[in-house]
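Q: my questions concern the predicted model and sequence given below.
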Amino acid sequence: MRSETTHGIHLSHKIAGMKTNRRNFIRTTGLLAIASTASIESVFATSAAFPSKNKKNGLSLSFVPHELQLKHVFTLANSSRKTTPDVLTKIDFQGYTGYGEASMPPYLGESIESVIRFLSKLDLNQFTDPFQIEKIMHYVDSVDEGNCAAKAAVDIALHDLTGKIMKQPWHNIWGFDKEKTPNTSFTIGIDTPEVVRQKVAEAEPYKILKVKLGRETDKMMIETIRSVSDKPICVDVNQGWPDRSRALEMIYWLKEKGVVFVEQPLPKTAIDDNAWLTQNSPLPIIGDEAVQRLADVKKAWGVYSGINIKLMKCAGMREAHQMLTAAKALGMKVMIGCMTETSCAISAAAQLSPNADWADLDGNLLISNDPYTGMEIKQGKICLTNESGIGIDVKEKLF
């Protein structure tokens, strides 16, 4: 089923008059990048008034559902699935189009219906300057609590749009060196030994494997992979280990097997146990489910060695950049991760990767119906292009 909604508003100034706004926008972006966590959070201290809907010819938002088809059944510590609900967005503005996306794995608590309901509440036609990303996203954030994936769909489209207007990719706008992108891991879900070996073979171009753990088959998963590959492994437990002492024993065993770090081993609510595990672990412990948005970064300091930033958790590129800056200032490691996503959201997240320690940006490789092309993986390394915005092209028009 296809569903679309479009809003439009009047542009009160000409493109020539936007050049000053572009310069101000770039300066503002730079200032935010070096701001403290407290000053960044102050941006969200007040609520925006709900806008009127009587203007025309400005930002025009459209969206359409697009269920993602997985190449393999994807099994985690607590669930399995063959599809992921997804909503694609675009924002049109005076001949330019920016693309965005909301991907909703079950644990986020969002759905195609909730995303469409949230996006339908938005009145972007009050905004006549797409470079006012802070103002626009402050409004979007104030419309309703939660709905982070839906908010990310707007944020990503805004960044793509403004990057295209400036004719610059976002890694350039942020001042990142695209040659410093990390290798991305390739994710292997929990499965039978036969299928695990098949997935390891498919991951041949990748230099690091990310393995899902959290069930009674954990050692089997690692031993199966080690029977056919000696590549470095990182593991994601998805809160699957309930006991800190047994978790520590397992981590020592994993270290002997060439594992380089462990992601969210204990429940996110077990703050003291996670801090104890991090203090005693021979491997870095990375917070994922425990670290959703900017305010969580400071809370994670001293509890985890690092954090996993995902656009769908933190409402998009704007806040992801702020989280990256805050985590680095606190001396924490940073992974840029993803959900099961198209090349739209993956390429958006990749713009941040040159300043990250690790990347797990393979979500588009796990699906069979990606309507976009974007950043590429060459010999396991993230390769950013000089394409403006988030660096994607449309290969299947769905709007």
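A: Yep, it's here.

Q: tell me where the stretch 251-399 of the chain has helices.
A: Here the stretch 251-399 of the chain has its helices, by DSSP state H, counting those that start in this stretch, at 271-280, 294-300, 311-314, 317-329, 343-350.

Q: and among those, the most buried is which?
A: Highest mean neighbour count of these: helix 343-350, a mean of 31 (counted as mean count of other C-beta atoms under 10 Å). From N, CA and C alone the C-beta is placed, and that goes for glycine too.

Q: contacts for that one?
A: Helix 343-350 is contacted from outside by 88, 99-101, 103, 152, 156, 159-160, 170, 181, 310-312, 316-317, 320, 336-339, 359, 361-364, 370, 372-375, 382, 384, 390-392, using C-beta atoms under 8 Å, 6 or more residues apart in numbering.

Q: now, those that are in strands?
A: Among the contacts of helix 343-350, DSSP state E puts 88, 99-101, 103, 336, 359, 372-373, 382 in strands.

Q: which one of these is nearest Phe127?
A: The closest of those to Phe127 turns out to be Gly100 (C-beta to C-beta; 15.1 Å).

Q: pretty sure the closest one sits against His66.
A: No - if you go by C-beta atoms under 8 Å, Gly100 and His66 don't touch, sitting 12.0 Å apart.

Q: pull up the overlap in contacts between those two.
A: Contacts common to Gly100 and His66, judged by C-beta under 8 Å, 6+ apart, are Leu88.

Q: okay, now Ala201: neighbour count?
A: 10 (other C-beta atoms under 10 Å).

Q: and the closest residue to it other than its chain neighbours, which of the three is it?
A: Spatial nearest neighbour of Ala201, chain neighbours left out: Val228 (7.6 Å); criterion: C-beta to C-beta, 6 or more residues apart in numbering. Counting by DSSP: H, G, I helix; E, B strand; the rest coil, the backbone at Val228 sits in coil.

Q: ok so, going back, so between Gly100 and His66, which is more surrounded?
A: Gly100 (30 against 23).

Q: which residues sit in contact with the nearest residue to the more buried one once chain neighbours are set aside?
A: Spatial nearest neighbour of Gly100, excluding adjacent residues (C-beta to C-beta, 6+ apart): Ala157 at 3.2 Å. Applying C-beta under 8 Å, 6+ apart to Ala157 gives the contacts 61, 89-91, 98-100.

Q: and this protein, what are its domain boundaries?
A: Taking automatic domain parsing as the reference, the chain has its domains at 15-167, 178-394.

Q: how long is the longest one from one end to the other?
A: Yep, that's domain 178-394 we're talking about. One end of domain 178-394 to the other measures 22 Å (C-alpha to C-alpha, to the nearest Å).

Q: please apply the same query to stretch 281-297.
A: Distance across stretch 281-297, first residue to last, is 20 Å (C-alpha to C-alpha).

Q: just stretch 350-358 next, same as before
A: Terminal-residue distance, stretch 350-358 (C-alpha to C-alpha): 11 Å.

Q: please apply the same query to stretch 231-244.
A: Stretch 231-244: ends 27 Å apart by C-alpha to C-alpha.

Q: do the same with stretch 356-372
A: By C-alpha to C-alpha, the extent of stretch 356-372 from end to end equals 24 Å.

Q: do the same with stretch 298-314
A: 14 Å.

Q: from the chain's centroid, how far away is it?
A: Relative to its parent chain, stretch 298-314 has a centroid offset of 12 Å by C-alpha atoms, centre = their mean, to the nearest Å.

Q: these two touch, right, Asn280 and Ala247?
A: No - the criterion here is C-beta under 8 Å, and Asn280 misses it with Ala247 at 9.9 Å.

Q: helices and strands of the protein: which one bottoms out on pLDDT?
A: One helix or strand of the chain scores below all others by mean pLDDT, DSSP states H and E: helix 37-41, with a mean of 35.

Q: next SSE after that helix?
A: strand 60-65 (DSSP states H and E).

Q: paired strands for that next one, with orientation please.
A: Strand 60-65 pairs in its sheet with strand 86-93 (antiparallel), by DSSP bridges.

Q: now do the strand it pairs with against helix 343-350, angle only.
A: Relative orientation of strand 86-93 and helix 343-350, computed by axes from the mean of the first three to the mean of the last three C-alpha atoms, to 10 degrees: 80 degrees.

Q: buried stuff in strand 86-93?
A: Applying a neighbour-count criterion of 16 or more other C-beta atoms under 10 Å, one finds 86-93 buried in strand 86-93.

Q: also stretch 383-390?
A: 384-385, 387-390.

Q: confidence-wise, which of those residues comes last?
A: Among the buried residues of stretch 383-390, Thr385 carries the weakest pLDDT, at 91.

Q: how near is it to Thr181?
A: Using C-beta to C-beta, to the nearest Å, Thr385 is found at 11 Å from Thr181.

Q: do Trp301 as well
A: Distance from Trp301 to Thr181, by C-beta to C-beta: 26 Å.

Q: what about those two, which has more around it?
A: More crowded of Trp301 and Thr181, by other C-beta under 10 Å: Thr181, with 25 against 17.

Q: right, and that one touches Gln379 too?
A: No - Thr181 lies out of contact with Gln379 (C-beta under 8 Å); the separation is 12.0 Å.

Q: tally of neighbours for the closest residue to Cys148 other than its chain neighbours?
A: The shortest distance from Cys148 to any non-neighbouring residue, by C-beta to C-beta, 6+ apart, is to Ala315 (4.7 Å). Other residues within reach of Ala315, judged by other C-beta under 10 Å, total 26.

Q: what sits against the closest residue to Lys333 other than its chain neighbours?
A: Residue nearest to Lys333 in three dimensions, not counting chain neighbours: Gly306, with 2.9 Å by C-beta to C-beta, 6+ apart. Contacts for Gly306 were tallied using C-beta under 8 Å, 6+ apart; they are 261, 284-287, 327, 332-335, 357.

Q: of those, buried ones?
A: Neighbour counting over these (16+ other C-beta under 10 Å) leaves 261, 284-287, 327, 332-335, 357 as the buried ones.

Q: between these, which sits nearest Ser185?
A: So of those, ranked by how close each gets to Ser185 (C-beta to C-beta), first place is Met335, at 9.0 Å.

Q: surely that closest one and Trp358 touch.
A: Yes - Met335 lies in contact with Trp358 (C-beta under 8 Å); the separation is 4.3 Å.
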